[in-house]
Every structure is written in structure tokens, then in C-alpha cells.
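*Asks:* Any chance you can model this:
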Amino acid sequence: MKSVDQKEFLGGQGMVHFDHILEADEMHGMNRVYAKVTLQKGCSVGYHVHQGDGEDYYVLKGTATIDDNHERTLTLKPGEHYFTPSGKGHSLTNLEEDELQVMALIIYDHEKQD
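*Replies:* Just a heads-up that it's a prediction; the model follows:
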């Protein structure tokens, strides 16, 4: 497993910690990211739009605040998930004191060829 810290990821606030479960080349052209994402209070993944892939967040710990395509704000607790399809956008923020941990899976719309 590869661990990476990224500051102000996609224009977000603070530090985002990624524990990559599998790398893209290990997922045979089907997925781009499979990682546990950890955010401390006040940290976020900036708003971004998916093109050619979708992303699912599954909350493991804490409370996730999600901007869903600038149309609504969602609050997710452990055991809940949210999927952003291709052509739509989202951000992920931890507004709570407790650490936020989510599983992130980015799935291509179509299998990628080498």
C-alpha cells in the first residue's frame, strides 16, 4: 500500500492523506483510484467535475460534508455512500472535530486500453 499526503488537493483546504489500496495499473483498466482518504477537521478535497469516470465515497469514520454538483449539500455518516457520475462534480469536507475516513473508488465509464 502506498501512502501519500497532498496539500490543498484539487484546490481544497489543508492536507489530504491517501492510503492507496491498489494502483491504477493493478485494476486492469477498470478503475483509476481505490484508496482510503483521511481528512482532519477543516480539511477538504476541492470541488472537481468527473469526465469519463465516476467516484464513490463510502464513509468509514466521521462525518462527510459533500457539495453535490453545486445543487445540494449532503451529510454522510459511517456506512453511508455517495456516487458522483461522469459529467457531475463534487467536493468532500470534514467540518467536524473527529477525523473523517472514506473509501474512494473512481470507476472508468469504459475499460481503458493500453
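*Asks:* CA only for contacts and neighbour counts going forward, please
*Replies:* Will do.
*Asks:* Surely residue 30 touches residue 54?
*Replies:* No. With contact defined as CA atoms under 8 Å, residue 30 does not count as touching residue 54 (11.3 Å).
*Asks:* which residues are in contact with both of these two?
*Replies:* 107, 108 (CA atoms under 8 Å, 6 or more residues apart in numbering).
*Asks:* Can you tell me what sits against stretch 30-39?
*Replies:* So stretch 30-39 is contacted by 15-24, 93-94, 99-108, 110-112 (CA under 8 Å, 6+ apart).
*Asks:* what residue ranges in the protein score low on pLDDT?
*Replies:* 111-114 (pLDDT under 70).
*Asks:* residue ranges for the strands of it, please.
*Replies:* Per DSSP state E, the chain carries strands over the ranges 2-7, 15-22, 31-39, 44-49, 53-61, 64-68, 72-76, 81-84, 89-93, 100-108.
*Asks:* which of residue 30 and residue 54 has more neighbours?
*Replies:* residue 54 (21 against 18; other CA atoms under 10 Å).
*Asks:* still on that earlier bit, now the contacts of stretch 30-39: which count as buried?
*Replies:* 15-21, 93-94, 99-108 (16 or more other CA atoms under 10 Å).
*Asks:* contacting residues around the closest residue to residue 9 other than its chain neighbours?
*Replies:* What sits nearest to residue 9 in space, not counting adjacent residues and going by CA to CA, 6 or more residues apart in numbering, is residue 45, at 5.5 Å. Residue 45 makes contact with 8, 9, 10, 11, 12, 13, 16, 91, 92, 93, according to CA under 8 Å, 6+ apart.
*Asks:* from these, which single one is nearest residue 1?
*Replies:* Nearest to residue 1 among the contacts of residue 45: residue 16, at 16.2 Å, using CA to CA.
*Asks:* what are the bridge partners for that closest one, then?
*Replies:* In this entry, residue 16 is beta-bridged to residue 6, residue 39, by DSSP bridges.
*Asks:* From residue 106, how far off is the closest residue to residue 85 other than its chain neighbours?
*Replies:* Excluding its sequence neighbours, the residue lying closest to residue 85 (CA to CA, 6+ apart) is residue 54, at 4.3 Å. Going from residue 54 to residue 106 by CA to CA, to the nearest Å gives 6 Å.
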